[in-house]
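Trainee: Here's a sequence, model it:
(one chain, ligands or ions: 2)
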Amino acid sequence: MSPDDAIVIATYSRRMRLRLPDGSEVDARIKGKRLRPVCGDRVTATTIEGESDWLITAIGPRDNELTRPTTRGKVEVLAANIDYLVAVAAAEPRADWFIIDRYLCAAELMEIPAAVAYNKTDLDGDAAAIRSELDNYAGIGYDTASCSAETGAGIGDVQRLLEHRCAIIVGQSGVGKSSIINRLRGESLQKTSAVSEKTGEGRHTTVNSVMIPLPGGGAVIDSPGVRDYAPAMQSSRMDAVGFREIVKFAVDCRFANCRHLREPGCAVKDAIENGTMTRRRYESYKRIVNLTDQLSAGRFPA
Ligand code: GDP
Ligand code: ZN
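Mentor: Numbers count the residues shown, from 1 in each chain. Ligands and ions are numbered 1, 2, ... in the order given. Model prediction:
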């Protein structure tokens, strides 16, 4: 089989669930100790004589990786080949737009389109303020959707955004990521039971991550790691590419290396003055510049 013939759709430690080109699913083991396939990987796999398991022998090139630093100072890959990110905000827990901006920065670094979804529209909260932020994100070029995982209102809009895509859904704990995923699936099975059902024989295995196919096409990659994913600040490129509107305005800055802080002739500053960029997004940008500066100076903020 060629490298892009099978896709990893669930991982359980060193065991994997694969989807083959004909749409069928098989269990697989990994050849050797060096290969570390993750959910979303395109892999080369072969049958093993006398066994129902397949064997993964190679991982195809990745379009991108969702990574996080481990406590041991290494980098862990949570998923690969993601082509869409949905950042969820809600009135409860109170929306933290800096966190949303950081997720959007992560999407820009992965070079994938992204959406901001407002969940829990059934609650009153700061609805007007949240909608005005959503309008601003839409103006910058992000997809937006409003929904209630509780009542089901607007879930169809979220589903349409995910069509034909392999997405991750991220956001603060408690904003309703699991609830949205369960709604999208049209059922509320526990993820683990849904996966063990797929592996057959009701084996007791710990699911690391799983690609959940959605009715109407598209899929969501879900795992505890993805759900708790907090974008790292380590990338020095975050301030340079993370803010779409800044990238756009920066073309007109007097200095090519303008960081849009105190430089004269700064088109980003002009955009803020004339109201084409919000101060709120600019404050996020400055916080990120600050954090990346501290990191590159070897000071690690708590
Ligand atoms: P996660 O941590 O982001 O995965 O959030 P959960 O899906 O576990 O939801 C956290 C809490 O918010 C749970 O008590 C859900 O029942 C509740 N919740 C999720 N979506 C909604 C919603 O649209 N409206 C309301 N009122 N509650 C919701
Ligand atoms: Zn500038």
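Trainee: Tell me how far the residue in the chain sticking out farthest from the centre lies from residue 22.
Mentor: Here the chain reaches farthest from its C-alpha mean at residue 50, the gap being 39.1 Å by CA atoms, centre = their mean. Distance, residue 50 to residue 22, by CB to CB, to the nearest Å: 22 Å. To be clear about C-beta, it is placed using only N, CA and C from the backbone, and glycine gets the same treatment.
Trainee: On the three-state scheme, the residue farthest from the centre of the chain is what?
Mentor: coil (DSSP: H, G, I helix; E, B strand; the rest coil).
Trainee: Tell me the buried residues in the longest helix seen in the chain?
Mentor: Taking DSSP state H as the criterion, the chain has its longest helix at helix 279-296. By 16 or more other CB atoms under 10 Å, the buried positions in helix 279-296 come out as 281-282, 284-285, 288-289, 291-292, 295.
Trainee: Give me the residue ranges of the stretch 201-302 of the chain where confidence is low.
Mentor: For the stretch 201-302 of the chain, the stretches with pLDDT under 70 are 201-207, 233-236, 299-302.
Trainee: what does it have sitting close to ligand 2?
Mentor: Residues of the stretch 201-302 of the chain that fall close to ligand 2, judged by CB under 5 Å from the ion: 253, 258, 260, 266, 268.
Trainee: can you put those in TSV and add neighbour count and secondary structure?
Mentor: Shown next, in TSV, are those (neighbours: other CB atoms under 10 Å; DSSP: H, G, I helix; E, B strand; the rest coil):
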residue	neighbour count	secondary structure
253	20	coil
258	20	coil
260	23	coil
266	21	coil
268	25	helix
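Trainee: quick one: the helices in the stretch 101-250 of the chain?
Mentor: Assigned by DSSP state H, counting those that start in this stretch, the stretch 101-250 of the chain shows helices spanning 127-140, 155-162, 177-185, 191-199, 224-227, 238-241, 244-250.
Trainee: tell me which residues of the last one are tucked away?
Mentor: This points to helix 244-250. Buried residues in helix 244-250, defined by neighbour count with 16+ other CB under 10 Å: 244-246, 248-250.
Trainee: And the third one, by the same measure?
Mentor: Along helix 177-185, these residues count as buried under the neighbour rule (16+ other CB under 10 Å): 177-185.
Trainee: Just list whatever residues bridge to the closest residue in space to residue 135 that isn't next to it in sequence.
Mentor: Spatial nearest neighbour of residue 135, chain neighbours left out: residue 144 (7.8 Å); criterion: CB to CB, 6 or more residues apart in numbering. Note on residue 144: beta-bridge partners residue 116, judged by DSSP bridges.
Trainee: Name all residues that make contact with residue 144.
Mentor: Taking CB atoms under 8 Å, 6 or more residues apart in numbering, we find residue 144 in contact with 115-118, 134-135, 137-138.
Trainee: distance of it from ligand 2?
Mentor: 27 Å (CB to the ion, to the nearest Å).
Trainee: and that residue, what pLDDT?
Mentor: On the pLDDT scale, residue 144 is placed at 98.
Trainee: How about the contacts made by the closest residue in space to residue 130 that isn't next to it in sequence?
Mentor: Nearest residue to residue 130, sequence neighbours excluded (CB to CB, 6+ apart): residue 118, at 5.3 Å. Listed by CB under 8 Å, 6+ apart, the contact set of residue 118 reads 88-90, 130-131, 134, 144-147.
Trainee: hang on, the earlier thing: among the buried residues of helix 244-250, which one lies nearest to ligand 2?
Mentor: Nearest to ligand 2 among the buried residues of helix 244-250, counting by CB to the ion, is residue 250 at 5.6 Å.
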